[in-house]
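Enquirer: I'd like to go over a predicted model; first the sequence, then the structure.
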Amino acid sequence: MNLIGQKITVLGAGIAGLAAARALALRGAEVTVLEQADAIREVGAGLQVSPNGAAVLRALGLGPALEGASLRAEAVELKDGLSGETVTRLEVAKLRPDQGYHFLHRADLIALLLEGAREAGVEIRLLQKIDHLDLSGPQPRYVTAQGAEGTAALLVGADGLHSVTRAALNDKVAPFFTRQVAWRALVPCTPDEPRVAEVHMGPGRHLVSYPLRGGTLRNIVAVEERNRWVEESWSLRDDPMELRLAFKGFSPRVQGWLEQVSDVWLWGLFRHPVAARWYQAGRGGAVAILGDAAHPTLPFLAQGASMGLEDAWVLASSLARHDTLAAGLAAYQAARAPRCARIVEAANRNARAYHLSGPARGIAHLGLRLGGWVAPQLALSRFDWLYGHDVTKG
């Protein structure tokens, strides 16, 4: 399908939306992004882009921008959260040195994708909150919160966890509260800190930390099992003392970080099923979803950003390779849905492994230590299916 001159509307100026906008625009499409916020500003905290996601950014011509905005990871260290001792070390820098495993601030990734989209000719329109989406006509029809209406030959829903587009395509399914909550915070760091993601594991809780922005900031994500329900929102502030109390038995290194926390956000962790239906295509138009709108995941495999980047590339390339919107979108879902379901399930398993207690915890840590001594690359090779997958190579 020739995308030159094809008018495409993308809902959402997040990672998946902006990446899709650039990917489609580079193939000649006329792309407009509708974003509900009044500005695309700094939100969130740190994230990781693994080799499979970095491959997409390079193929989009954003490799130099990624290198400039990120730190290349040396390793991931799994640590006993209570003693601070290293259980095993995964040398990710040696896994795929030509691609790299990157730490960066979410806002910096958004900024480079935004610049890339605008450079490719994408129009960004702010204050465009979508209130309603009607898929009953020949083309998708949307209504904004201000009452404005519009239609699109192809509407791409990159509208996040609470996606209006997903809801229009799929029956509602109530998410499942995992009885886990997560805090996120940023504290000062020093540039001489190792470029390492540290996972401090304890009974019923764990904490992940790594440096950002040239080593001037340290990202912290801390997860605790609890019965009290917490809203699924990134904008809920919490008292830093609650975070300190939850991890009061952890090592002095962790305590030192938490003492520096002045602002902290809390959100509940919910499991959402991968969407059953990713697209709808008719004679006059079509709609599709990607990113968190299609496959929300728990943050225990650090794949949210990379999954959205993969989606963006596969969507654009599938449309370009097929004669019709319907065929291209069918190929897109067929390529993405099984892989995303596997990633989501792998993240679910990590959550359980990090929070072991009692004898099971000791046995698991011993196994990790022995594996690190006997076959240090074996643990990493278990994830070749994930990090070694390059969607840009077809």
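Expert: That came through fine. Worth saying up front: this structure is predicted, and the values here are computed from it rather than measured.

Enquirer: From here on, just use CA atoms for contacts and neighbour counts.
Expert: Will do.

Enquirer: Bridging across strands, which residues link to residue 223?
Expert: residue 182, residue 206 (DSSP bridges).

Enquirer: wouldn't it be in contact with residue 203 here?
Expert: No. Using Cα atoms under 8 Å, residue 223 is not in contact with residue 203, being 11.0 Å away.

Enquirer: So which of the two has more stuff around it?
Expert: Neighbour comparison, residue 223 and residue 203: the larger count goes to residue 223, with 28 against 16 (by other Cα atoms under 10 Å).

Enquirer: ok, now how distant is that one from residue 351?
Expert: 9 Å (Cα to Cα, to the nearest Å).

Enquirer: do residue 338 as well
Expert: Separation of residue 338 from residue 351 (Cα to Cα) stands at 21 Å.

Enquirer: Between these two, tell me which one has more neighbours.
Expert: Neighbour comparison, residue 338 and residue 351: the larger count goes to residue 351, with 20 against 11 (by other Cα under 10 Å).

Enquirer: give me every residue that touches the residue lying closest to that one once chain neighbours are set aside.
Expert: The shortest distance from residue 351 to any residue other than its chain neighbours is 6.0 Å, reached at residue 300 (Cα to Cα, 6 or more residues apart in numbering). Contact analysis of residue 300 by Cα atoms under 8 Å, 6 or more residues apart in numbering lists 347-348, 350-351.

Enquirer: Now render those as TSV, adding distance to residue 133.
Expert: Listed next are the contacts of residue 300 as TSV, based on distance: Cα to Cα, whole Å:
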residue	distance to residue 133
347	31
348	32
350	36
351	35
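
Enquirer: So which of these belong to helices?
Expert: Using DSSP state H, the members of the contacts of residue 300 that fall within helices are 347-348, 350-351.

Enquirer: Just the buried ones from these?
Expert: Listed as buried from the ones in helices among the contacts of residue 300 are 347-348, 351; burial here means 16 or more other Cα atoms under 10 Å.

Enquirer: In CSV, list those residues along with pLDDT.
Expert: Below are these laid out as CSV (pLDDT from 0 to 100):
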residue, pLDDT
347, 90
348, 85
351, 70
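
Enquirer: would JSON lines of these with distance to residue 86 be doable?
Expert: Below are those laid out as JSON lines (distance: Cα to Cα, whole Å):
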{"residue": "347", "distance to residue 86": "22"}
{"residue": "348", "distance to residue 86": "23"}
{"residue": "351", "distance to residue 86": "19"}
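
Enquirer: The one helix or strand residue 312 maps to: which residues count as buried?
Expert: For residue 312, the element it lies in under DSSP states H and E is helix 304-321. Using 16+ other Cα under 10 Å as the test for burial, helix 304-321 gives 304-320.

Enquirer: quick one, strands of the stretch 151-300 of the chain?
Expert: For the stretch 151-300 of the chain, applying DSSP state E, counting those that start in this stretch gives strands covering 154-157, 176-188, 196-202, 205-212, 217-225, 237-238, 264-271, 279-281, 286-289.

Enquirer: which secondary structure elements does the fourth one contact?
Expert: Right, strand 205-212. Counting contacts by 3 or more Cα pairs under 8 Å, 6 or more residues apart in numbering; DSSP states H and E, strand 205-212 packs against strand 102-105, strand 196-202, strand 217-225.
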